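Enquirer: what follows is a protein structure lacking sequence information:
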């Protein structure tokens, strides 16, 4: 019973916040312009502050290379598996890039980190989650562009140099890099917490923004949901949901559990798998599909339905790992 309550307490707040956003939309308190504006502010300020603040408050600079290598390899394996399956799957060409991304790309920044950091995990596990969030942002962006371009001859071609610049100027990536720089410098200055000890008003504001960022992101995510007719999309949506909410996350988790002794995995590693692999398809695919000639309405439905089903699978995974003492 305690394990069940633990899993419920981890997932239910996320679901309630998304539901609140959807209810606000139904009462016309949210519209497209407002949700876009809030998301932009959160992308530029809220989520980067959350990542930096979480790193800043860690006691030590410790990242486990084994979980970073493992998840990086698994993301590329999922990428190639998705490419093979989607290549032979019959559907509209402008949906293939989206189905492809359902295999390997998740909403780690908004949903994953919110759930993982709410599990009461160790400082070492938190460092792994945050480091992998920054790494995943870069990989997901690069692989997402490739996925779109493989199935659209007319899309705008992305300059590789510009893409690299875009990744390293992403506010969340910058926040993660700054956070680890601060952790690295701290032992050199006698482990003094400069912001906390000498700039307490700034530290307090950072904490308030960090506390607001993830809930606000989830509320606005719910406010952007639109349930439209899926009669002509149900087969493709079902495949996307299967990829994102069932096959990919449980493949990665299953291999990690099966070989956890060989991989050296324990409770410090599995929260990162929950954070990176179990969330829904990222909402970023909707504007990206508009830019790269994808089916943006189909993208929106994939986000909605993978969010619903990923909540169930994330709950199941947390319950399993809690029963095994791995979260």
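Expert: Received, thanks. None of the values given here were measured: they were computed from a predicted structure.
Enquirer: show me what the helix or strand that contains residue 67 is packed up against.
Expert: For residue 67, the host element (DSSP states H and E) is helix 65-88. Contacts defined by 3 or more C-beta pairs under 8 Å, 6 or more residues apart in numbering; DSSP states H and E place helix 65-88 against helix 93-104, helix 123-150, helix 248-258, helix 270-277. Yep, even glycine has a C-beta here, placed from its N, CA and C like the rest.
Enquirer: same thing but 10 Å
Expert: helix 93-104, helix 123-150, helix 248-258, helix 260-263, helix 270-277 (3 or more C-beta pairs under 10 Å, 6 or more residues apart in numbering; DSSP states H and E).
Enquirer: list the buried residues of it.
Expert: 67-68, 70-71, 74-75, 77-79, 81-83, 86 (16 or more other C-beta atoms under 10 Å).
Enquirer: outside of stretch 160-167, which residues touch it?
Expert: 134, 137-142, 145-146, 158-159, 173 (C-beta atoms under 10 Å, 6 or more residues apart in numbering).
Enquirer: and it, how far out from the chain middle?
Expert: Stretch 160-167 has its C-alpha centroid displaced from the chain centroid by 20 Å (C-alpha atoms, centre = their mean, to the nearest Å).
Enquirer: now that stretch: buried residues?
Expert: 166-167.
Enquirer: hmm, back to that, okay, the buried residues of helix 65-88 in CSV with distance to residue 289 and pLDDT next?
Expert: Listed next are the buried residues of helix 65-88 as CSV, based on distance: C-beta to C-beta, whole Å; pLDDT from 0 to 100:
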residue, distance to residue 289, pLDDT
67, 31, 95
68, 29, 93
70, 30, 97
71, 25, 96
74, 25, 97
75, 20, 97
77, 24, 97
78, 20, 97
79, 18, 96
81, 21, 96
82, 16, 94
83, 17, 93
86, 15, 93
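Enquirer: got those residues as JSON lines, with distance to residue 178 columns?
Expert: JSON lines is the format used below for those (distance: C-beta to C-beta, whole Å):
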{"residue": "67", "distance to residue 178": "22"}
{"residue": "68", "distance to residue 178": "19"}
{"residue": "70", "distance to residue 178": "26"}
{"residue": "71", "distance to residue 178": "22"}
{"residue": "74", "distance to residue 178": "27"}
{"residue": "75", "distance to residue 178": "24"}
{"residue": "77", "distance to residue 178": "31"}
{"residue": "78", "distance to residue 178": "30"}
{"residue": "79", "distance to residue 178": "29"}
{"residue": "81", "distance to residue 178": "35"}
{"residue": "82", "distance to residue 178": "33"}
{"residue": "83", "distance to residue 178": "35"}
{"residue": "86", "distance to residue 178": "37"}
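Enquirer: tell me the helices and strands packed up against whatever helix or strand residue 12 lives in.
Expert: Here residue 12 sits within helix 2-26, counting by DSSP H and E. Contacts defined by 3+ C-beta pairs under 10 Å, 6+ apart place helix 2-26 against helix 32-41, helix 113-117, helix 200-223, helix 296-323.
Enquirer: go again with 6 Å.
Expert: On a contact count with 3 or more C-beta pairs under 6 Å, 6 or more residues apart in numbering; DSSP states H and E, helix 2-26 meets helix 200-223, helix 296-323.
Enquirer: and residue 63, helix, strand or coil?
Expert: Following DSSP: H, G, I helix; E, B strand; the rest coil, we place residue 63 in the coil state.
Enquirer: so it touches residue 130, yeah?
Expert: No: contact criterion C-beta atoms under 6 Å: residue 63 and residue 130 do not qualify, at 9.0 Å.
Enquirer: neighbour count winner among these two?
Expert: residue 130 (27 against 14; other C-beta atoms under 10 Å).
Enquirer: quick one: that one from residue 79, how far?
Expert: Applying C-beta to C-beta, to the nearest Å, the value for residue 130 to residue 79 is 23 Å.
Enquirer: ok, residue 95 next?
Expert: From residue 95 over to residue 79 (counting by C-beta to C-beta), the distance is 18 Å.
Enquirer: residue 3 too?
Expert: Distance from residue 3 to residue 79, by C-beta to C-beta: 33 Å.
Enquirer: and if you look at residue 33?
Expert: Distance, residue 33 to residue 79, by C-beta to C-beta: 35 Å.
Enquirer: where does the protein dip in pLDDT?
Expert: Along the chain, segments meeting pLDDT under 70 span 1, 60-61, 152-159, 163, 229.
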